[in-house]
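Q: Quick check, what structure comes out for this input:
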Amino acid sequence: MFKILKIKCGIKLQAYHGGTMTGKDIQKVMENASEICSLFANILMANKRPDSKFDTAEKINHLCTSFANAFVLWDGAFSFASTISPSQDDIVQYTRFATAAVFSRVNLGCSVTPKVHMMWSHVAN
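A: Presented below is the predicted three-dimensional model:
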């Protein structure tokens, strides 16, 4: 999996483990999320264990697709959030992306962090 991050995104192993996978590194992941998650699914399927709750190709594909979708939704939200002098339509689109991204995140079992709360509840204003 680390090789995929390095080859597809240019992210080095130490950046991931050092807690610096933010900014440009995470943008690279979001831009390539569908392809990366598909490759991760292949790795997980090749190494699945019968005692795992992700013991079938269907479950693994669903999980990886859900993560890819969450990345794409956050990418859209951040894109609209960085728009200078946004139109009312931009704000509506941002709200749609942010709301869908938050629900996607929660459905994956991730918590709503302060940053996520700010994106969801305060950025559009």
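Q: burial measure for the nearest residue to residue 65 once chain neighbours are set aside, as a count.
A: The shortest distance from residue 65 to any non-neighbouring residue, by Cβ to Cβ, 6 or more residues apart in numbering, is to residue 37 (6.7 Å). Using the backbone N, CA and C atoms, a C-beta is placed for each residue, glycine as well. Using other Cβ atoms under 10 Å as the criterion, residue 37 is surrounded by 24 other residues.
Q: element containing residue 37?
A: Applying DSSP states H and E as the criterion places residue 37 in helix 33-46.
Q: Quick check: next helix or strand after that helix?
A: Moving toward the C-terminus from helix 33-46, the first helix or strand encountered (DSSP H and E) is helix 57-81.
Q: List the buried residues of that next one.
A: By neighbour count, with 16 or more other Cβ atoms under 10 Å as the criterion, the buried positions of helix 57-81 are 60-61, 63-64, 67-78, 80-81.
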